[in-house]
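Asker: after the sequence you'll find the predicted model.
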Amino acid sequence: MKIAISGKGGVGKTTIMALLAGEMKKHGKDVLVIDADPSPHMAETLGVKSSEVIRPIAEMTKLLIERSGKTEGSPMYNMNPEVNDILEDFMLEHDGMKLMVLGAIQSGDKGCACPENNVLRRILTKLLLSKNQMVLLDMEAGVEHLGRGTIAGIDQLLIVVIPSKSSIRTALKVKKLAEDVKIPKICFVGNLVTDEEDRDFLKNGLPEEPIAYFPDSKVIRKAERDAIPVTTIENAAADAPATLLQEILGGS
């Protein structure tokens, strides 16, 4: 199964994805996490001590241009580059999980057909998974990736939303664009929820109730400040990761 996560900046997408990855590992799943945020920090969240050893796909400029079929002076790309060897060459194994990092966009003049996103899209569409294999895709904030069609080929999109009007507005935009690109399953996930009032705010502002609610956790905030991987903290988000995994697997 291929699962992407999206939402407004600062709502906790990376933390929730890391906790979900840890929960999947506990249940014996073969987990690959792809960090596709232009400001990647999934490695630190998972506790990778030497994140500098990861070779981000975006840094392999020449290779990516060759794979995308771009010729000098031409704005056109081949939309079906070969990526089989990339799947192994750019993976890092850590604590029973695999990690790939797309990396930061290296220049501001590439537009929306940049080779990094082209290769990522191809990876997602080419991956054939067994029932025990899970790919978790941590997307950039906002809606740009949906406009580019970067997450074409995923099975489910999790939209993280916190109890604020601006977060709900972004979540609704993400849902509309996700429907436009025909993602099979789209669900909301509540985060930074402190009480029933927060739950009601999300229920009333969204077209469907979130499938899981993650608490506003001082433990998680302190772990981030102290560079402690959230996956090592017992009950960091109470039963929310288990509930989320149950909902995902139950609807698969």
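Answerer: Received, thanks.

Asker: need the strands for this protein, in chain order.
Answerer: For the chain, the strands defined by DSSP state E cover 2-7, 30-36, 92-94, 97-101, 133-139, 156-161, 185-193, 213-215.

Asker: tell me which residues of the second one come out buried.
Answerer: Of the residues in strand 30-36, those buried under the neighbour-count criterion (16 or more other CB atoms under 10 Å) are 31, 32, 33, 34, 35, 36. C-beta: built from backbone N, CA, C; applies to glycine.

Asker: include distance to residue 170 when you put the residues you listed into a markdown table, please.
Answerer: A markdown table is the format used below for these (distance: CB to CB, whole Å):
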| residue | distance to residue 170 |
| --- | --- |
| 31 | 27 |
| 32 | 27 |
| 33 | 23 |
| 34 | 22 |
| 35 | 20 |
| 36 | 17 |
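
Asker: OK, contacts around residue 171?
Answerer: When contacts are counted by CB atoms under 8 Å, 6 or more residues apart in numbering, residue 171 touches 7, 8, 159, 160, 161, 188, 206.

Asker: ok, and the closest non-adjacent residue to the second one?
Answerer: I take that to be residue 8. residue 170 (3.9 Å; CB to CB, 6 or more residues apart in numbering).

Asker: can you redo the strands of the chain as a markdown table with distance to residue 239 and mean pLDDT?
Answerer: Below are the strands of the chain laid out as a markdown table (distance: least, CB to CB, whole Å; pLDDT from 0 to 100):
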| stretch | distance to residue 239 | mean pLDDT |
| --- | --- | --- |
| strand 2-7 | 19 | 92 |
| strand 30-36 | 20 | 89 |
| strand 92-94 | 25 | 85 |
| strand 97-101 | 21 | 87 |
| strand 133-139 | 19 | 89 |
| strand 156-161 | 17 | 96 |
| strand 185-193 | 13 | 97 |
| strand 213-215 | 10 | 97 |
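
Asker: of all those strands, which one is nearest residue 222?
Answerer: The closest of the strands of the chain to residue 222 is strand 213-215. By CB to CB, the value is 13.8 Å.

Asker: any idea how far the nearest residue in space to residue 209 that is not next to it in sequence lies from residue 164?
Answerer: What sits nearest to residue 209 in space, not counting adjacent residues and going by CB to CB, 6+ apart, is residue 203, at 5.2 Å. Going from residue 203 to residue 164 by CB to CB, to the nearest Å gives 14 Å.

Asker: neighbour count winner among these two?
Answerer: For residue 203 versus residue 164, the count of surrounding residues by other CB atoms under 10 Å is larger for residue 164: 17 against 14.

Asker: backbone dihedrals for that one, please?
Answerer: Residue 164 adopts backbone torsions of phi -150, psi 150, taken as degrees, to the nearest 10.

Asker: tell me how far it lies from residue 190.
Answerer: 11 Å.

Asker: residue 153 - how many residues pack around it?
Answerer: Residues near residue 153, counting by other CB under 10 Å: 19.
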